[in-house]
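[1] Provide a 3D model corresponding to the input given below.
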Amino acid sequence: MRHFTIFAILLTTLSSFGQIDILWDDNPGVTYNGQTITITKDYAGFDVYLHCQNNSSSPQDIKFRRVILSSNDTLFNDQFCDNNLCYSCFGNDWTTPAPNPLQPGDSCLMKGTFYFFNGGDVLIRYYILDLSDNPIDSIDVNIINTVNISELDKINISVYPNPSSSTLNIDLANTPNKSLIFKIYNINGKEVLNYSLIGLANKIDISNIKSGIYSYTILDNNSIIKKSKLIIQ
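    Sure thing, here's the model as predicted:
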C-alpha cells in the first residue's frame, strides 16, 4: 500500500509538470509547443500575441526568457508583456525579472512588441521557465520585416561619414524653407540625440555618444523622410 501511495504521488507530480500549452492568437485552438511560426510584416511597429495555458492540475509560477537566435542586417527594439507588466528587452538573451502565477486552466499573455528601423529577418525563441530558470517549453518566432521608408522625391539628403567618430555632416539639397529634425537612437530604441537642421549644410558633434550601432531618422513635421543605420566608432 505504501509503495502504491508513493507511486501515485510521483505520477501526479510528473503529470502536473510541464503541461503548459503555447497558443498563437492568430491561429486559435492550435498548440505551438516546440514549433516555429513565421510572421511577415511590411510596417515598422507591431505586436505578436501569444498565450501559455496551464493544463495541469496544480498552480505554477513561471517566467519567460527571450533569446535572439539570428538576425540578418536588421535593427529593431522589442519589449515583452505578460499578465503583470511590460518589460524592455536588452541584449540577445533576456529573462523576465519576476514570476507570473498561473492557476490550473488559466492562461498568461506572452506578447512580444517590436519596432523595426529597417527591413530584415530575425529569429527569436521564447522560453517558458520554472522558478529555477529551467526551461519548461519554448516557441520560435521567425519575423520577416519588409518595412521600407523611402525619401521624398524632391529632397536630397547626404549623411556622412558613416562610420563616424566625432563629427557628422548632413547636407540638404533642394530643401528651401524646410524645418527638419535629426534624431539618433541606440539599439534599444532610446533617443540619444535630437538636433534641428538649419540651412543646407550641418555639422553635428557626436563625440559624446558611445561607440556602437545606432539608427537615425530625419523628420519633416513628424513625417520620416530618411532613416538608416549609423555606426559610431
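
[2] count of residues packed around Asn27?
    9 (other Cβ atoms under 10 Å). The way it works is simple: take the backbone N, C-alpha and C, and place the C-beta from them, glycine included.

[3] er, Asn33 actually
    If you count neighbours by other Cβ under 10 Å, Asn33 ends up with 15.

[4] just Asn194 next, same as before
    Asn194 has 10 nearby residues by other Cβ under 10 Å.

[5] what do you get for the one 4 residues further on?
    The burial metric for Ile198, expressed as a neighbour count using other Cβ under 10 Å, is 10.

[6] what's the distance between it and Leu69?
    Ile198 sits 44 Å away from Leu69 when distances are taken as Cβ to Cβ, to the nearest Å.

[7] what does Thr95 give?
    Thr95 is 15 Å from Leu69, where distance means Cβ to Cβ.

[8] between the two, who's got more neighbours?
    Higher neighbour count among Thr95 and Leu69: Thr95, with 15 against 12, using other Cβ under 10 Å.

[9] so the more buried one makes contact with Phe64?
    Yes. Judged on Cβ atoms under 8 Å, Thr95 makes contact with Phe64 at a distance of 7.1 Å.

[10] list residues touching both of the two?
    Counting by Cβ atoms under 8 Å, 6 or more residues apart in numbering, the residues touching both Thr95 and Phe64 are Leu129.

[11] For Asp26, list the residues it contacts.
    When contacts are counted by Cβ under 8 Å, 6+ apart, Asp26 touches Tyr49.

[12] A strand includes it, no?
    No. Checked against DSSP: H, G, I helix; E, B strand; the rest coil, Asp26 lies outside a strand; its state is coil.

[13] Secondary structure element holding the residue nearest the centre of the chain?
    By Cα atoms, centre = their mean, the chain has its centre lying nearest to Asp78, at 2.2 Å. For Asp78, the element it lies in under DSSP states H and E is strand 76-81.

[14] Quick check: can you list the domain ranges of this structure?
    By the assignment in automatic domain parsing, the chain contains the domains 18-145, 156-232.

[15] what's the longest strand in this protein?
    If you go by DSSP state E, the chain has its longest strand at strand 60-72.

[16] low-scoring stretches of the chain, by residue?
    Residue ranges of the chain with pLDDT under 70: 1-18, 148-155, 174-178.

[17] mind listing the helices for it?
    Secondary structure of the chain (DSSP state H): helices located at 2-16.

[18] In the sheet, which residues pair with the nearest residue to Lys63 once chain neighbours are set aside? Tell me.
    Leaving out its chain neighbours, the residue that sits closest to Lys63 by Cβ to Cβ, 6 or more residues apart in numbering is Leu129, at 4.4 Å. The partner list for Leu129 in beta bridges (DSSP bridges) reads Lys63, Pro135.
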